[in-house]
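> Next comes the sequence, and after it the predicted model I'd like to discuss.
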Amino acid sequence: MIRYLLSSLCAFAVSPASAELIHDADYNILKAQHGEQWAKDDAAVQAKLDAFKEKNGGKSPNILYILIDDMGYGDMGIPELNGLRGYETPNVNKFSDQAMRLNRMYTEPSCTPTRCAFMTGRQPHRYNMGDTAVDIAGFGLPAKEETLAEVLSEAGYNTTHIGKWHLGDIKEAWPHNQGFDFAAFPIHQQGQLTVFNDDASKEGVAVSIGPGQYDNKFTKDKWFRPDPAAMVVGCEASKGGLAREVHMKPGERWTEKKYEDMNQRYQDQTLEHLRKLAKEDKPFFLQYWPLIPLTAPRATTDNYTTPNGGNYVEKMKKLDGWIGDILTEMDTLGVTDNTIVVIMGDNGHFTKYSPQSGYTAMIFKGGKADATEGGVRVDAFVRWPGMIEEDAIANDVFHVADLYTTLSVLAGAKDKLPTDRLIDGVDQSALLLEGETKGRRDTVFIYSGNKMEAVVKEHIKLKVPGPGENPIGAKFYDLQRDTREEYPVSTEIGAWGGAEMVRIIQRHAVTKKKYPDTDNDKGIPYDGIENLRPETQAAVKAFMIKNQSLLQKPE
């Protein structure tokens, strides 16, 4: 124990050249207390991985990662809660019975930061990717970040990304430049494409700029309202090559029908690449990030088929069927037993679209963009037949960044992980293979953008007080007694727990000072796409002029 305590106290002195991963301060505090047991657990995990690999012809497991947009906790995997909502997800429910439910999976509050955390193992405040851009923006995931796809590629995996990406509109940020052999993806967050398209305008959801959509006689700034038809919609690209926009001709309007076609195309491509990858000698990492259930106009759905009647719910029903098709195809291809499958949401519901979406806050308070549990607690299931216990529930604290490190370990690629930067994702392989209570995290820092909003420690949650506020009076919540964060228990916990929480935050701040935050990458939007349409080129030109206006000196 003393040996581990000493190593913990020296953790801040870890050099970039060290072979050990650099973690935040509180990880080292846990290691000082549990390091000996962790070493035993690591040995047990490695023995299981070695036995699997020998049985699997010397190959590491395949990985299929399905990340669903804006799905809060309780919306998949529990038939009783399906009934409460008024719809069913039978395929995900069946999958849940075959998998381990990560009951305390934390994400970031919105799409881009969660996806960044998964891909890099680092919370996005560390490289200024905590915001979610939905229009032409000129920034993205830094090229120097080491993504999971890059780590697995180096370990001998074939890598494919299909579906939503949303990590920037500059070439450095795109999946084929971040480790994927092939990628089919939209450049932007698809909500921008659906909410502002002409179909949504006709229904009164938003005012678009299509012909006849509104009387523009008072419109002075023609660049104010984004035109989805002028943005790059969907691209395809191979590693090292240029991207190419597909299924969009010059002058063509963007419609809900084209959005639906895009969704179907990504589902078809996922099945196509699953079949292709299953035939290869190498293990594969196939990442499928569906665009639905997010959608906008109700009038574009001919027939609502659930008692709920929500437009997102209708799309979730379709997506559940698609997931069932993928899982069935895995059985047909004979890859089920040697494939780790993760299915989860990326953050809570976007409650601004309630109630027509069919989703509102349920067990937890709030939704997407909130630091409350409803914004960052999601359904998450992991299946690996014969390796992870079926129909299990793990109540250990888990963060989406942990999947970066954990999947790398399970893939035999731990030695490929970067050791020159702080990694937030901790190795949770013992939790998956050895079971509940084997987790290695009990703290989560919840950021909104680059601002810390809350800290979770065990089942206690602190709403971070503002500048100058005394932490003794800060609001604490017991998440087991108060899932909706409605009854702060400051009097009982504040005076005693406040000081400890402050120390956690201080240690985190010291670590950030030692490993300073950096910036995102910036560049010319869409540079790296070989077939830009004229209207897209005009949109980029307008963006550049608007940006240049910020640098002009006053007359």
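Cool, got the structure. Numbering: from 1, shown residues only.
> Report the separation between Q189 and T406.
Taking CB to CB, to the nearest Å as the measure, Q189 falls 27 Å from T406. Placement of C-beta: from N, CA and C, glycine included.
> Look at these two and report which has more neighbours.
With neighbours defined as other CB atoms under 10 Å, Q189 and T406 compare such that T406 has more, 26 against 21.
> Name the nearest residue to the more buried one, ignoring sequence neighbours.
Q428 (4.6 Å; CB to CB, 6 or more residues apart in numbering).
> can you give me the strands for the stretch 301-450 of the chain?
For the stretch 301-450 of the chain, the strands defined by DSSP state E, counting those that start in this stretch occupy 339-345, 377-378, 380-383, 392-399, 443-448.
> Can I get those in a markdown table including mean pLDDT, mean neighbour count and distance to L532?
Below are the strands of the stretch 301-450 of the chain laid out as a markdown table (pLDDT from 0 to 100; neighbours: other CB atoms under 10 Å; distance: least, CB to CB, whole Å):
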| stretch | mean pLDDT | mean neighbour count | distance to L532 |
| --- | --- | --- | --- |
| strand 339-345 | 98 | 23 | 33 |
| strand 377-378 | 97 | 26 | 36 |
| strand 380-383 | 98 | 24 | 38 |
| strand 392-399 | 98 | 20 | 38 |
| strand 443-448 | 97 | 21 | 34 |
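> could these be laid out in JSON lines, adding distance to Q267?
Converted to JSON lines, the strands of the stretch 301-450 of the chain look like this (distance: least, CB to CB, whole Å):
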{"stretch": "strand 339-345", "distance to Q267": "15"}
{"stretch": "strand 377-378", "distance to Q267": "21"}
{"stretch": "strand 380-383", "distance to Q267": "19"}
{"stretch": "strand 392-399", "distance to Q267": "28"}
{"stretch": "strand 443-448", "distance to Q267": "32"}
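> Compare the ones you listed and give me the one nearest P250.
Evaluated over the strands of the stretch 301-450 of the chain, closeness to P250 peaks at strand 339-345, with 36.8 Å, by CB to CB.
> Okay, strands next: where are they in the stretch 101-250 of the chain?
Ranges of strands within the stretch 101-250 of the chain are 139-140, 158-163, 182-186, 234-238, 244-246, based on DSSP E, counting those that start in this stretch.
> Ok, which of the ones you listed comes nearest T437?
From the strands of the stretch 101-250 of the chain, taking CB to CB, the stretch that ends up closest is strand 158-163, at 33.1 Å.
> what lines up beside that closest one in the sheet?
strand 182-186 (parallel), strand 284-289 (parallel) (DSSP bridges).
> In PDB, could you pull the C-alpha coordinates for stretch 91-109?
Output in PDB follows, covering the C-alpha atoms of stretch 91-109 (Å, rounded to 0.1, in the frame of the first residue of the first chain):
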ATOM      1  CA  ASN A  91     -34.300  -5.200 -30.600                       C
ATOM      2  CA  VAL A  92     -32.400  -3.000 -28.200                       C
ATOM      3  CA  ASN A  93     -34.300  -4.600 -25.300                       C
ATOM      4  CA  LYS A  94     -33.200  -8.000 -26.400                       C
ATOM      5  CA  PHE A  95     -29.700  -6.800 -26.800                       C
ATOM      6  CA  SER A  96     -29.800  -5.400 -23.200                       C
ATOM      7  CA  ASP A  97     -30.700  -8.900 -22.000                       C
ATOM      8  CA  GLN A  98     -27.500 -10.200 -23.700                       C
ATOM      9  CA  ALA A  99     -25.300  -7.400 -22.400                       C
ATOM     10  CA  MET A 100     -24.100  -5.500 -19.400                       C
ATOM     11  CA  ARG A 101     -25.900  -2.200 -18.700                       C
ATOM     12  CA  LEU A 102     -23.600   0.600 -17.600                       C
ATOM     13  CA  ASN A 103     -26.100   2.100 -15.300                       C
ATOM     14  CA  ARG A 104     -24.100   5.200 -14.500                       C
ATOM     15  CA  MET A 105     -22.700   6.100 -18.000                       C
ATOM     16  CA  TYR A 106     -21.900   9.800 -18.100                       C
ATOM     17  CA  THR A 107     -21.400  11.700 -21.300                       C
ATOM     18  CA  GLU A 108     -20.900  15.400 -22.200                       C
ATOM     19  CA  PRO A 109     -23.900  17.600 -22.400                       C
END
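> Give the rounded mean pLDDT of that stretch.
Averaged over stretch 91-109, pLDDT sits at 98.
> in it, what counts as buried?
For stretch 91-109, burial by neighbour count (16 or more other CB atoms under 10 Å) applies to 91-96, 98-109.
> and what of stretch 127-134?
For stretch 127-134, by 16+ other CB under 10 Å, it's 127-130, 132-134.
> Now those residues in TSV, please, with extra columns for distance to H247.
Listed next are the buried residues of stretch 127-134 as TSV, based on distance: CB to CB, whole Å:
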residue	distance to H247
Y127	32
N128	32
M129	28
G130	32
T132	25
A133	23
V134	21
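> and which of those residues is nearest A117?
M129 (9.0 Å).
> What separation do you get for the nearest residue to the closest one once chain neighbours are set aside and A25?
The shortest distance from M129 to any non-neighbouring residue, by CB to CB, 6+ apart, is to C116 (4.6 Å). According to CB to CB, C116 stands 22 Å off from A25.
> out of these two, which sits in the more crowded spot?
Counted by other CB under 10 Å, C116 and A25 do not tie: C116 has more neighbours, with 31 against 20.
> For that one, give me the pLDDT.
98.
> can you pull the contacts of the nearest residue to Y404 once chain neighbours are set aside?
Excluding the flanking residues, the one nearest Y404 by CB to CB, 6+ apart is G121, at 3.1 Å. Taking CB atoms under 8 Å, 6 or more residues apart in numbering, we find G121 in contact with 148, 401-402, 404-405, 417, 423-425.
> Which pLDDT does the model give G121?
Per the predicted model, pLDDT is 98 at G121.
> And it, how close does it get to E146?
Counting by CB to CB - G121 and E146 are separated by 8 Å.
> overlap in contacts of those two?
Common neighbours of G121 and E146 (CB under 8 Å, 6+ apart) are L417.
> which one of the strands of the stretch 301-450 of the chain lies closest to K239?
Evaluated over these, closeness to K239 peaks at strand 339-345, with 22.2 Å, by CB to CB.
> now the angle from the lengthiest helix in the chain to strand 443-448?
If you go by DSSP state H, the chain has its longest helix at helix 25-55. Taking axes from the mean of the first three to the mean of the last three CA atoms, to 10 degrees, one finds helix 25-55 and strand 443-448 inclined to each other by 110 degrees.
> which stretches of the stretch 351-500 of the chain have low pLDDT?
Scanning the stretch 351-500 of the chain for pLDDT under 70 picks out 471-472, 490-497.
> switch to 80 and redo it
Applying pLDDT under 80 to the stretch 351-500 of the chain flags residues 469-473, 490-498.
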